[in-house]
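# Got a predicted model here, sequence first, then my questions.
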Amino acid sequence: MIEVERVGSILEVRLANPPVNAMGAPVRRAVLEAIVQAEVDPAVVAVVITGKGGLFSGGADITEFESPAMRDHFLPDLVDRIEQSSKPVIAAISGTCFGGGLETVLSCHYRIADATARFSLPEVKLGLLPGGGGTQRLPRLVGAAAALDIMTSGRALGAKEALALGLVDQLAEGDPVAAAHALVASGVPALRRSCDLPAPADQAEAVSAARSRLKPEALSTAPARIADCVAVIGTDFQAGRAVEAELFDGLRATEASRALRHAFFGERKVARIPGLAKDVAPRSIGSVGIVGGGLMGTGIAIALLGAGLSVVIVELRDEARDKAGGCIRKTILRDVEKGRITQERADARLAALSLAPSLEALDQVDLVIEAVFEDLGVKEQVFTALDRITRPDAILASNTSTLDLDKIAAFVADPSRVVGLHFFSPANIMRLLEVVRGAKTALAVLASAMAFAKRIGKIGVVSGVCDGFIGNRMFEEYLRQAYFLLEEGALPQQIDGAMERWGMAMGPLRVLDLAGQDIGWAIRQRRAVEQPDRPYSQICDRIYALGRYGQKTGKGMYNYADGRTAQPDPEIERLIIDYSAEIGVERRVISDEEIVERCLYALINEGARIVGEGIAYRPVDVDMIYLNGYGFARERGGPLFQADEIGLAKVLERLCALAKGRNGWSWMPAPLLEQLVVQAKLFEGLNG
Ligand code: T1G
């Protein structure tokens with residue numbers, strides 16, 4: 001957990017708790033014992049605390065927050081004890097120094113960092129506040145405005161900025177531990193205690209400014225509570241610490257914090273493939289061919305170039321090839337203009353891009369991503385050719401979102417090398433990547449695809465093969481209920497407004513206008529044949545028939561006079577109201593609560609069905625898909641996290657009630673949900 005070694009007159013305490021030196025109870029206990037050991041050892045004149053493994057610490061152990069372990073050698077008390085040590089404690093910092101790790105450093109009497117050091121108080125991203133004295137010490141050290149910026153944003157600072165702010169005292173050219181020894185050799189540093197510093201001069205002004213920036217609709221109150229902690233800084237340090245502790249506990253108990261912690265661990269948990277033997281090494285992917293230079297192909301190319309991969313785009317037509325190259329160049333150079341990357345980095349990315357008129361150019365690539373028109377015949381032509389041209393060990397991936405991956409894999413002699421890589425548009429921006437495992441996809445290929453997802457900065461989530469995979473299959477049920485709500489009395493802006501106020505980045509009907517009413521129409525036409533017993537409302541077909549395809553045509557469910565802003569359209573409202581009359585449905589006033597319940601429960605029920613069928617490995621996989629691909633608020637944790645929060649018995653009860661109502665067939669409870677209720681278990685229990 002930690003290493004303790006007396007080197008000369010210095011006691012070196014090295015955090016050694018891989019992978020991130022999280023400061024869990026055993027670590028805290030050992031550090032306390034080391035401090036006491038130093039105090040009673042007359043040969044020791046100072047303590048140096050540092051981290052092994054190239055970092056200081058990733059902070060408190062987040063896994064402790066729902067257990068009594070959190071209060072075992074409580075971090076805030078340890079931090080105070082370090083500060084009250086009778087012998088100076090010097091922090092020697094390399095790499096990540098986050099959260100409770102930084103708060104430990106703030107209680108030290110001197111801070112030395114090397115150039116690799118990065119500092120952050122990211123608790124706010126977990127719906128928390130720095131609960132180890134950070135809200136009381138950091139403002140005293142760097143001023144209230146800088147401290148509030150750091151604590152309410154959760155952003156990371158480099159070593160130079162930390163030095164400039166006064167967060168660290170010295171930048172070491174080489175090893176900061178050696179620099180600490182040199183410091184002590186030049187004279188034992190004084191016991192400078194941050195807690196003894198006065199309240200920051202800019203306290204009132206900075207708190208007021210921070211509070212003015214708060215968003216009343218925010219689902220997490222952590223930024224407001226951080227401002228409250230800074231506001232109470234005064235002459236009595238412990239009084240401020242007591243307020244911090246109380247507000248920390250209050251935040252820790254909020255749904256938003258539980259959801260954000262669920263998201264933090266969930267985004268890491270979904271990377272694990274159940275049953276994957278440890279010795280299955282992912283294949284190295286350095287060169288990638290992309291077939292199709294349209295919107296998806298170019299977006300995927302930009303994401304891959306940004307990850308340092310070399311990319312060959314195959315577009316048969318000269319004009320399309322030129323357009324693809326121009327689009328990629330324009331996007332990359334815009335990043336230079338906006339200061340996101342250097343010109344040098346941009347040049348390197350563009351140098352790694354080539355465009356070719358023939359699939360023959362893909363004969364040496366490690367991976368091919370097909371991103372051509374969603375037509376099985378076209379896919380067959382492409383994969384038949386790829387089977388002949390590419391290396392036998394090359395992985396063949398389809399970006400298909402609606403077609404059966406197993407049918408695509410059947411076009412290839414060795415279907416085990418076929419996998420789905422379902423990117424979400426814009427592919428260079430959206431974090432989600434659905435990695436679709438075909439019936440014959442080899443585990444090594446699946447593992448390679450998941451490693452590739454991490455390499456390009458995506459959240460890869462494995463999906464089995466079904467209509468719409470995980471995300472879109474659930475989305476269709478979500479849309480179905482939105483359409484039924486239109487028939488029964490709600491208007492588009494009410495449905496979207498209710499869902500957006502609840503936490504969705506964009507309401508379902510605005511999403512449909514963005515994706516395209518023509519896309520939605522095509523899916524409903526196909527499903528009318530494949531699932532005749534699950535009819536949709538006709539409202540959107542009527543809209544499609546008017547040639548109103550959404551943003552792309554300036555009109556859809558809404559009007560887009562400026563091409564982007566959704567404005568309610570009286571023509572559509574009339575169409576909806578007339579349609580209700582035509583089908584004999586008496587319109588009624590529908591509450592926002594009913595809208596949220598029916599749209600959310602539709603997601604929950606289909607998500608439960610998907611987990612029950614084994615399409616998703618775990619409930620958390622469904623949640624991470626919705627957080628990273630569908631604008632579901634992180635502070636809400638995802639559909640199945642919400643189900644646990646609501647209570648599965650209540651969810652089932654409501655589904656059964658809805659199943660007795662209009663279109664009750666669309667509310668038949670998922671078997672897994674019924675099973676969990678009988679067993680009095682939660683979805684969380686299936687997350688492994
Ligand atoms: N606690 C427990 N586990 C953690 C952890 C933490 N703080 N940080 C990371 N892990 C696990 C992670 O789940 C993964 O596990 C493995 O370590 C590698 O993580 C009192 C209340 C430090 C920059 O919010 O930002 O201090 O999947 O893949 O890319 O005021 O982890 O391998 O089983 O992310 O090298 C505040 C969160 C805590 C920092 C390293 N600190 N961590 O990134 O590795 S609350 C944070 C990170 C607190 C005090 C408050 C990153 C990282 P597994 P990884 P990485």
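Everything's here; your move. Treat the numbers as computed from the prediction; the structure is a model and nothing was measured.

# element containing the residue in the stretch 301-450 of the chain that the ligand sits nearest to?
For the stretch 301-450 of the chain, the residue closest to the ligand is residue 450, as judged by C-beta to the nearest ligand atom, at 12.7 Å. Every residue, glycine included, has its C-beta placed from N, CA and C. Counting by DSSP states H and E, the element that carries residue 450 is helix 443-455.

# Pull out the buried positions in that helix.
444, 445, 446, 447, 448, 449, 450, 451, 452, 453, 455 (16 or more other C-beta atoms under 10 Å).

# What is the distance between that helix and the centre of its chain?
Per C-alpha atoms, centre = their mean, to the nearest Å, the displacement of helix 443-455 from the mean C-alpha position of its chain is 18 Å.

# With only the CA atoms kept, save it in CSV.
Output of helix 443-455 as CSV, limited to C-alpha atoms (Å, rounded to 0.1, in the frame of the first residue of the first chain):
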residue,chain,number,x,y,z
LEU,A,443,-13.2,-13.2,-29.1
ALA,A,444,-9.7,-12.0,-30.2
VAL,A,445,-11.4,-9.8,-32.9
LEU,A,446,-13.9,-8.5,-30.3
ALA,A,447,-11.1,-7.7,-27.9
SER,A,448,-9.1,-6.0,-30.6
ALA,A,449,-12.2,-3.9,-31.5
MET,A,450,-12.6,-2.9,-27.9
ALA,A,451,-8.9,-2.0,-27.6
PHE,A,452,-9.3,0.0,-30.8
ALA,A,453,-12.2,1.9,-29.3
LYS,A,454,-10.2,2.9,-26.3
ARG,A,455,-7.2,3.9,-28.6
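
# what helices or strands is that helix leaning on?
strand 395-398, strand 418-423, strand 432-436, strand 459-463 (3 or more C-beta pairs under 8 Å, 6 or more residues apart in numbering; DSSP states H and E).

# Pipe those into CSV and attach mean pLDDT and distance to the ligand per row.
Formatted as CSV, these follow (pLDDT from 0 to 100; distance: least, C-beta to the nearest ligand atom, whole Å):
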stretch, mean pLDDT, distance to the ligand
strand 395-398, 98, 24
strand 418-423, 98, 21
strand 432-436, 98, 17
strand 459-463, 98, 12
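
# Turn those strands into CSV, columns for distance to residue 386 and mean neighbour count.
Shown next, in CSV, are these (distance: least, C-beta to C-beta, whole Å; neighbours: other C-beta atoms under 10 Å):
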stretch, distance to residue 386, mean neighbour count
strand 395-398, 6, 28
strand 418-423, 10, 26
strand 432-436, 17, 27
strand 459-463, 22, 26
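
# between those strands, which one is nearest to residue 51?
In terms of C-beta to C-beta, the element of those nearest to residue 51 is strand 459-463, at 27.4 Å.

# List the buried residues of the one helix or strand residue 350 maps to.
Using DSSP H and E, residue 350 maps to helix 343-351. The neighbour-count check on helix 343-351 (16+ other C-beta under 10 Å) flags 346, 349 as buried.

# One more: stretch 608-626?
In stretch 608-626, counting by 16+ other C-beta under 10 Å, buried: 608-612, 615-626.

# Please tell me the pLDDT value assigned to residue 530.
Per-residue confidence (pLDDT) for residue 530: 89.

# what does residue 280 give?
84.

# hmm, back to that, please name the nearest non-neighbouring residue to the residue of the stretch 301-450 of the chain closest to the ligand.
Distances taken as C-beta to C-beta, 6 or more residues apart in numbering place residue 460 nearest to residue 450, at 4.7 Å, with adjacent residues excluded.

# Bridging across strands, which residues link to that neighbour?
Beta-bridge pairing of residue 460 under DSSP bridges involves residue 433.

# Quick one: neighbours of residue 74, just the number.
15 (other C-beta atoms under 10 Å).

# any idea how far residue 435 is from the closest residue to residue 673 other than its chain neighbours?
Nearest residue to residue 673, sequence neighbours excluded (C-beta to C-beta, 6+ apart): residue 608, at 4.4 Å. In this structure, residue 608 and residue 435 are 21 Å apart, going by C-beta to C-beta, to the nearest Å.

# for residue 273, same thing?
With C-beta to C-beta as the criterion, residue 273 and residue 435 are 9 Å apart.

# that older thread, spit out the contact partners of the residue of the stretch 301-450 of the chain closest to the ligand.
For residue 450, the contact set (C-beta atoms under 8 Å, 6 or more residues apart in numbering) comprises 271, 273, 282, 435, 460, 462.

# would the second one count as being in a helix?
Think residue 273. No - under DSSP: H, G, I helix; E, B strand; the rest coil, residue 273 sits outside any helix and is assigned coil.

# if we can go back for a sec, any common contacting residues for residue 273 and residue 435?
446, 450, 462.

# Throw these into CSV and include distance to residue 31, thanks.
Below are those laid out as CSV (distance: C-beta to C-beta, whole Å):
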residue, distance to residue 31
446, 41
450, 36
462, 40
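
# for those, which one is nearest residue 644?
Nearest member of the shared contacts of residue 273 and residue 435 to residue 644, counting by C-beta to C-beta, is residue 462, at 21.6 Å.

# Next one: that closest one from residue 620, what distance?
Where residue 620 is concerned, residue 462 sits at a distance of 12 Å (C-beta to C-beta).

# interface residues of the chain facing the ligand?
19-20, 22, 58-63, 75, 96, 98-100, 103, 122-123, 126, 128, 130-132, 134, 265, 268 (C-beta under 6 Å from any ligand atom).

# Just the buried residues of the residues you listed.
For the residues of the chain next to the ligand, buried by 16+ other C-beta under 10 Å: 20, 22, 58-62, 75, 96, 98-100, 103, 122-123, 126, 128, 130-132, 134.

# Just the ones of these in strands?
Among these, DSSP state E puts 96, 98 in strands.

# quick one: which of the buried ones among the residues of the chain next to the ligand sit in helices?
Among those, the ones falling in helices (DSSP state H) are 75, 100, 103, 134.

# what would the residues you listed look like in JSON lines with pLDDT and distance to residue 480?
Output for these, formatted as JSON lines (pLDDT from 0 to 100; distance: C-beta to C-beta, whole Å):
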{"residue": "75", "pLDDT": "93", "distance to residue 480": "48"}
{"residue": "100", "pLDDT": "97", "distance to residue 480": "46"}
{"residue": "103", "pLDDT": "98", "distance to residue 480": "49"}
{"residue": "134", "pLDDT": "98", "distance to residue 480": "47"}
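
# wait, residue 81 sits on residue 33?
No - contact between residue 81 and residue 33 fails when scored by C-beta atoms under 8 Å: they sit 10.9 Å apart.

# Can you tell me, leaving aside adjacent residues, what's nearest to residue 56?
Nearest non-adjacent residue to residue 56 (C-beta to C-beta, 6+ apart): residue 97, at 4.0 Å.
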